[in-house]
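Participant: 3D model of this:
(3 chains)
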Amino acid sequence: MTVPATSPWNLRLVRRKATNGLLWVGAVVATAAALLPLGMVLYYVAAQGLSSISLSFFTQLPKPVGEAGGGMANALVGSLILVGLASLIGLPIGLLGGIYLAEFGNGRLGWAIRFTADVLSGVPSIVIGMFVLALVVIPMGGVSAVAGGCALGLMMVPIAMRTTEELVRMVPMSLREGSLALGATHWRTVAKVVMQAAKGGVITGVLLAIARVAGEAAPILFTAGSTQWWNMKVTEGPMSSLPVQIFLYAGSPFEEWHQQAWGGALVLVTMVLILSVAARYATRGRMRIVR
Amino acid sequence: MLRTAVPEAKVNPEARTAHPPKIEVRGLSFYYGRFRALQNVNLTVRECQITALIGPSGCGKSTFLRTLNRMNDVIEGAHSEGAVLLDDVDILRPEVDVVALRRRVGMVFQRPNPFPMTVFDNVAYGPRIHGLARGSDLEDLVEASLRRAALWEEVKHKLRHSAFDLSGGQQQRLCIARVLAVEPEVVLMDEPASALDPISTLRIEELMQELKENYTIVIVTHNMQQAARVSDETGFFLNGELIEFGLSTRVFTKPADKRTEDYITGRFG
Amino acid sequence: MSVGLRAERSGRRLGRANLSDRVFRWGTMLFALAVIVVIVLLAYELTRSARPTLLHFGWAFPVRSVWDPVHHQFGAWPFLWGTLFSSLLALLIAVPISLGAAVFLAELAPPWLRNPVSFLVELLAAVPSVVYGLWGIFVLVPALRPVEGWLGQRLGFLPLFQGPPYGLGMLAAGLILAIMILPIITAVSREVLLAVPRTQREAAYALGSTHWEALRGPVFRYARAGIIGAIILGLGRALGETMAVTMVIGNTPTTSLSLFSPAYTMPSVLANEFAEATGNLHISALMEIALLLFGVAVLINAIARLLLWSVGRGAPRGVRE
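Facilitator: All right, here's what the predicted structure looks like:
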C-alpha cells in the first residue's frame, strides 16, 4: 500500500524491508565466500601442477633428489590397482547389502543396519586404516596392496549400500509385480528386472564411491605403505599411491619433490573431478546424492 | 460480457448502500507464463458481506482469490493485466507494498497450516512482526482474536501447547484467529472447510456469519450448498471467465446464464 | 509388507520349494550385516590393542598432558585439545557461511543458478584431503604469516593472538577444516530447508511477512532439528580429518589458547607416529587415542544421524520409520 508518510508504522516497515535486504546480501556474500576457496585451490593446483606434467611424469619412476626428471608412474598405477582391489572388495558387499535393505529392510534389523552404515561412514579414515592394520597387515606380516584395498573397500561399503538401497527402492512396485505375476522368483525379479531399471543409478553410485576413496591417503599409510619402486605383487610389499606420494613429497624439504607433488595433485584432482561430474550428470534431477 | 443484467430494482435499495464496494476488479486477466488463467474479470466485492466464488476445478477461482492479496507473486512467470482496486487503490501496481497489503487482506488456506509453535505464538506471530502490540496488550490481542474465531474457550488452557495438538477443525479456527490478529479488513478463504469433517465445517460456516459483521469475506468453495447457505453474493467461474455474478438468492434460484444453471444443477463439474 | 516377504510367503503357501529366494534373502542379509560386524570388530580390536595403556593409565589418560615415548609417559589431552579446538574453530567459521549459502540455494537463487552452484559447493567435498593440505602448506600458510603478524600487533593483548606468527598452527588448520566441512553442512541444510512444506511459507507470507521474517520464524522452526543435525555432521567430519590438518597444524603437542600456536590433533599423531612407534606402551597409547577418536566420532555421528532421521532426511524414501 502506498502508505501515507505520516503513518506511525511506516518507519517500522522500512526497517523490516532493510533487514530483508540484508538477508539477501548476506546470503550472496556467504555463497561467494563458500566458492572462493574452491576457485583458489583449483587455480593453484592447475597453475603449479601444469609445469610438472609431461610424458615422463606418467611413465617414469621417481628419481633421487638432484637428478632431473622422474615421474609418478608407480603412484598412478598403484592408485589404479588399489582402487580396483577396493572395488572388488567393497562393491559386492555394498551392492548386495543395499539390495537386502531395499527388499527386506523394513524392520528393526534393517533400521539397525542402515543406522550402522551411516555411522560407519563417519568413522575417521585413519581409524579404518588402523583397523585393517590390526586385522590384515599384522597377520600377513607386512603391508600390501591387498590390505590397502581392504581399507579402501571398507570405506566404499556404506556409500555403495545406501546408494544402492535408495535406487532399488525407487524402482516402481508395478515393475516388480509384473515380473512376480509371471511366476518369476524374487531373486530373478531383482536380478533381471530391478537391477536393469536401477542400472544407471547404481553405476553412478559406484563412480561416487570410487571418487571418494581414490583421494584417500590416511587409510593407506599403514596398510599399503609407500614405495619409490614398482611393485606388482598385490599380496606382498608396499604399493605406491598418488595421495600418499603427494603427502610424502609435500612434507619433504626438496623443491623438486614439491613440484612433483603439485603435478600429482593436478592429476588426482582432475580424476576426481571427472568422476564427480559424471556422477552428477547421470543423476541430474533423479535423486539426491547420499552422504 | 458480464451477464449480471439483473434489475437492481429487485433488491432492497437500502441494503445496497449499506455495503459499499470494498474491492473492485476491472478487466483482470491473469497469466501463468503463456497460459491464460483468468480472462477479463469484472466484479465488485462489497464491504462486510460474504462473497462466494464457485466453479468446477481449474476454472480459475483460486487464482482469482490469490490475486486479491498478491499471493501469486511468488509464482514464476505470473503476470496480470487490468486493475484490482482496494478502497480505490490499484493493488496490482508494482509500487504497492505487498507486505502492507497482506496485513489488510488476510488469507485462510484449504488445509490448516499452523506454524510449529505454541497456540499463543501462532496467533501472536502476525502482531509481532508488524509491531502491533507487546506484552499484556499482545496477550489481550491474542485472546480477542481467539474469541472472535470461536476458539478461546477450547484453547484457553492450552495456549502454551503445540498447535499440532489441536484437532483439524480447531487448527483451522486457529489459522483464522491468526489472520484476525493482524486486524485485516478483508479475509480471503480458499475452501476453508474442504479438509474438515461436517461438524467442523458447520462451525466454520457459523463463524463466517459472525465475522461478516466486521470483516469483508471472500470465499472460494466447490460446495454449492455451502455457498448458497452462507454467502450474500456469488460469482460463477468457468475456464477463467466470470460467467455470472450477483445476489446468491438469485444466482442459485434463477441463474441468468445457462452454464451457471448447468453447473448448479450438477450437469457438469 | 515388503515385496520380499510377500513373495516368500506366497511361495510357501503354494508349496513351492522356495530355496532360491531363501538363499537370496539370507545371502544378501549376510552382506548387509557386514557393517555391523565391522563396527563391532573395530571397537573390539581397538580396545584390545589399547589394553596396556588402558590398564596402566586408566581414566587419567585423556586428561594427562605429557607425551614422552622415551620415558613411557603418555597422555591424550594435548591431542584432544587440538582436535576439539580446531574442530570448533572450523565450525565457527564454516557455519555462518554454510547456512548463508544454504539459504541462498534453497530460497533466493533463481532456478537456473541453483543446480550449478550446488554442484560447485559439492565439488568442495570432492577435492581430496591431501590436495587441501598441499595448498595449505604452500599457499595458505605463507599468506597467513603477515596476517597473523598484523593481528598479533593489534590484538596481541588477547591470549588468542599471542605468540610468534609461524603460519603453521591452529588458525591454518581451522581454516582448512572449515573449507572441508562447508559442503556437507551446506548441502544437508539446503535439503532440510527445501523440505519445509510450502504451506508454511504461504501462511507466513499471507500474514504479511517479509522473506526474512518467514525464514526466521516458521521455516526455521521446522528446519531447526535438521540444521542442527547438519552442523553436527560437519563437526563429525572435522574431528576425523587427517591429512590436510597434519600438513598445516605444526604437529606439536601443546595446549595453547593462541590461534598462532602449533598444535596436534588425534588423527595427526596417529598418522605421524605410528610408523615409528617404539615399544608396546607407545603403540598401545596410540591405539587408545584411536579408540578415543573412534568413540567420539561414532557418538557425534550417531547424534547427527538421529537428528536428521527425525526430520526424515536420513532414511530413504519409502521407509516407514
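Participant: so where's the stretch 51-200 of chain C shaky on pLDDT?
Facilitator: Of all residues in the stretch 51-200 of chain C, none has pLDDT under 70.
Participant: Chain A contacts on that one?
Facilitator: Proximity of the stretch 51-200 of chain C to chain A (C-beta under 8 Å from any C-beta of the partner chain) is limited to residues C:96-101, C:103-105, C:107-108, C:115, C:117, C:119-124, C:126-135, C:137-139, C:179, C:182, C:184, C:186-188, C:191. All C-beta atoms are positioned from the backbone trio N, CA, C, and that covers glycine.
Participant: contacting residues around residue 19?
Facilitator: Reading this off chain A. Going by C-beta atoms under 8 Å, 6 or more residues apart in numbering or on different chains, residue A:19 touches C:210, C:212.
Participant: sorry, should have said chain B
Facilitator: Listed by C-beta under 8 Å, 6+ apart, the contact set of residue B:19 reads B:46, B:47, B:48, B:49, B:232.
Participant: how about a cut-off of 7 Å?
Facilitator: By C-beta atoms under 7 Å, 6 or more residues apart in numbering or on different chains, the residues touching residue B:19 are B:46, B:47, B:48, B:49.
Participant: Check residue C:272 too.
Facilitator: Here residue C:272 is in contact with C:246, C:251 (C-beta under 7 Å, 6+ apart).
Participant: For the closest residue to chain A within the stretch 101-250 of chain B, the count of nearby residues, please.
Facilitator: Per C-beta to the nearest C-beta, residue B:131 is where the stretch 101-250 of chain B lies closest to chain A, at 4.9 Å. Around residue B:131 there are 14 other residues, counting by other C-beta atoms under 10 Å in any protein chain shown.
Participant: what does residue A:234 give?
Facilitator: Neighbour number of residue A:234 under other C-beta under 10 Å is 18.
Participant: cool, residue B:77 as well?
Facilitator: With other C-beta under 10 Å as criterion, residue B:77 counts 9.
Participant: Not counting residues beside it along the chain, what's closest to it?
Facilitator: The shortest distance from residue B:77 to any non-neighbouring residue, by C-beta to C-beta, 6 or more residues apart in numbering or on different chains, is to residue B:33 (3.9 Å).
Participant: how far away is that neighbour from residue C:198?
Facilitator: The gap separating residue B:33 from residue C:198 is 19 Å, by C-beta to C-beta, to the nearest Å.
Participant: ok, now residue B:41?
Facilitator: Applying C-beta to C-beta to residue B:41 and residue C:198 gives a distance of 26 Å.
Participant: So between those two, which is more surrounded?
Facilitator: Higher neighbour count among residue B:41 and residue C:198: residue B:41, with 24 against 9, using other C-beta under 10 Å.
Participant: Surely that one touches residue B:67?
Facilitator: No. Checked against C-beta atoms under 7 Å, the pair residue B:41 and residue B:67 is beyond contact range at 8.9 Å.
Participant: Overlap in contacts, those two.
Facilitator: residue B:28.
Participant: How many residues are close by the residue nearest to residue B:77?
Facilitator: 11.
Participant: Shouldn't residue B:40 be within a helix?
Facilitator: No. Looking at residue B:40 with DSSP: H, G, I helix; E, B strand; the rest coil, it is strand, so not inside a helix.
Participant: tally of neighbours for residue A:258?
Facilitator: 19.
Participant: Counting neighbours, which bits of the strand or helix carrying it end up buried?
Facilitator: Using DSSP states H and E, residue A:258 sits within helix A:255-283. Using 16 or more other C-beta atoms under 10 Å in any protein chain shown as the test for burial, helix A:255-283 gives A:256-258, A:260-269, A:271-272, A:275-276, A:279-280, A:282-283.
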